[in-house]
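Q: Pasting a predicted model and its sequence here:
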Amino acid sequence: MKKPKIVVANWKMHLNVHEASLLLHKMDKRIHDHRSVEVVIAPSYLYLQPLSLEVDKRKFKLASQDGYYVDEGSYTGAVSFSQLRNLVQYSIIGHSERRRYFNEGLEVVRDKMAAAIRNNITPILCVGETSEERHLKETKQVIHDQITTALSDLTSEDVERLVIGYEPVWAIGGHEPAKPADIEEAVSWIRYQIRELYGKDVAEGVRVIYGGSDEPEFVEGIMQVDGVDGLLVGHASLNAEQFADIVQGVYLSSLK
Ligand code: 13P
């Protein structure tokens, strides 16, 4: 069976609860239910509970943007994956904004991966190089370190169901994604790492998606890149028309 494509809306720290509900409603009107494309919404923690009551579960799945790696205890302000269990199907883990602004190192990301999985939540692991690392030609090394550490406590069955987002940090928040050739190189390097660690079948099972200035006009070109299974969308996911166009573009690519 062909793997379904996946499009993730990362709303980051935007919207209030009314705006979030309205945006979901607008998306619901514009987006059709396609079996070949999973659409995942990652709002603020605060809105997961109310949106879970409103959302059409056949059309949309919910994700958290993070989670804490301890299941329960005195950790003021934290939200654990065990608290997210049954509320979300996916969690974004290791986003570059977490790594950068919240000082999340490789080991923290590794522990979050294991915590999500033991709570039956599928991680969407984000990897990618900063612009400085890119200029120093360290992209492959950075991705290698991020992947091998993040997966180090996981079994091959765990890894096979993962989603891995290649998000070059320098392409986030702009209007120009990475070039298809760069995306292809990074995506095939990600799969190569997984093949080395877990074998060919697992590497082929993992869905690898691209994030960084995904806007409707770029979808066709990005989805043509060999090995890309979907998109991780930031600012364009805050606009229902643009996001619906992106989902439609991914759907069209799934027919090929
Ligand atoms: P933009 O689409 O705003 O570049 O954000 C990408 C991203 O960080 C998604 O996780």
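A: Received the coordinates, thanks. Numbering: from 1, shown residues only.
Q: Show the backbone phi and psi for the residue of the stretch 101-250 of the chain found nearest the ligand.
A: Using CB to the nearest ligand atom, the point where the stretch 101-250 of the chain gets nearest to the ligand is residue 234, with a distance of 2.1 Å. All C-beta spots, glycine's among them, are computed from the backbone N, C-alpha and C. Backbone torsions of residue 234, given as degrees, to the nearest 10, read phi -100, psi -100.
Q: With residue 39 instead?
A: Phi and psi for residue 39, reported as degrees, to the nearest 10, are phi -110, psi 120.
Q: So, low pLDDT: which residues of the chain?
A: By pLDDT under 70, the weakly predicted segments of the chain are 1.
Q: which residues in it form helices?
A: If DSSP state H is used as the criterion, the helices of the chain fall at 17-30, 45-54, 81-84, 96-101, 106-118, 131-135, 139-150, 156-160, 180-198, 200-205, 216-223, 240-254.
Q: With respect to residue 170, which of these lies nearest?
A: Closest approach to residue 170 among the helices of the chain is made by helix 131-135 (3.7 Å; CB to CB).
Q: For that closest one, buried residues please.
A: Within helix 131-135, the residues that qualify as buried by neighbour count (16 or more other CB atoms under 10 Å) are 133, 134.
Q: Need the CA coordinates for it. CSV is fine.
A: As requested, the backbone C-alpha atoms of helix 131-135 are provided in CSV (Å, rounded to 0.1, in the frame of the first residue of the first chain):
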residue,chain,number,x,y,z
SER,A,131,22.5,29.1,7.9
GLU,A,132,25.9,29.2,9.6
GLU,A,133,26.1,25.4,9.5
ARG,A,134,25.1,25.5,5.9
HIS,A,135,27.9,27.9,5.0
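Q: how distant is that helix from the center of its chain?
A: Centroid displacement of helix 131-135 relative to its chain, using CA atoms, centre = their mean, to the nearest Å, is 22 Å.
Q: That one and the ligand, any residue contact?
A: No. Helix 131-135 stays clear of the ligand (CB under 6 Å from any ligand atom), getting no nearer than 13.6 Å.
Q: Those residues of the stretch 151-256 of the chain touching the ligand, which are they?
A: Listed as neighbours of the ligand in the stretch 151-256 of the chain under the rule CB under 6 Å from any ligand atom: 167, 172, 173, 211, 212, 213, 214, 232, 233, 234, 235, 236.
Q: circling back: for the helices of the chain, please prepare TSV with the additional fields distance to residue 75.
A: Below are those laid out as TSV (distance: least, CB to CB, whole Å):
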stretch	distance to residue 75
helix 17-30	24
helix 45-54	14
helix 81-84	11
helix 96-101	16
helix 106-118	12
helix 131-135	31
helix 139-150	21
helix 156-160	24
helix 180-198	31
helix 200-205	33
helix 216-223	38
helix 240-254	33
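Q: nearest to residue 70, of these?
A: Proximity to residue 70 (CB to CB) singles out helix 106-118 among these, at 7.4 Å.
Q: Mind listing residues that contact the closest one?
A: Contacts of helix 106-118 from elsewhere in the structure, counted by CB atoms under 8 Å, 6 or more residues apart in numbering, are 66-71, 80-82, 91, 93-94, 99, 122-123, 125, 145-146, 149-154, 158.
Q: Lovely, talk soon.
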